[in-house]
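[1] coordinates for the following, if possible.
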Amino acid sequence: MSYIEVLGRSHPYTVYKTDYGLYFEHDELGEDDSCCVWLEGKKVTDYDSCYVMPDEVGAWLARWDYSNVVFNFEHKHWDLEE
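    Numbering: from 1, shown residues only. This next block holds a predicted model:
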């Protein structure tokens, strides 16, 4: 994986722009607690490395207007809108 640039922080994650989208890496746990997010423009097409999208990742994506990231109130976690 090639990191292109650091985009910011979503405590406790550092957000990296990559050649496929975004990579969120936990500051203390590193890649053991990370989330890869694949993009087509501002639409999230998939995410990996995390069974459920961490709250900080979902909130960061929603705050920066990634169009299909929503909070599922029934299951209490962030997910992709179908």
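[2] measure the closest residue to G21 other than its chain neighbours to Y66 for me?
    Closest residue to G21 apart from its sequence neighbours, by Cβ to Cβ, 6 or more residues apart in numbering: L39 at 3.7 Å. (C-beta placed from N, C-alpha, C; glycine too.) From L39 across to Y66, the span is 8 Å (Cβ to Cβ, to the nearest Å).
[3] in three-state terms, label the residue nearest to G21 for me.
    Classification of L39 using DSSP: H, G, I helix; E, B strand; the rest coil returns strand.
[4] so in terms of bridging, what pairs with it?
    V44 (DSSP bridges).
[5] next up, phi/psi of D55, please.
    phi -50, psi -40 (degrees, to the nearest 10).
[6] list the residues that contact it.
    77-78 (Cβ atoms under 8 Å, 6 or more residues apart in numbering).
[7] now the one 10 residues further on
    D65 sits next to K42 when contact means Cβ under 8 Å, 6+ apart.
[8] quick check: it is in a helix.
    No - counting by three-state DSSP, D65 is not found in a helix; it is coil.
[9] mind checking how far it is from G41?
    With the distance defined as Cβ to Cβ, D65 ends up 11 Å from G41.
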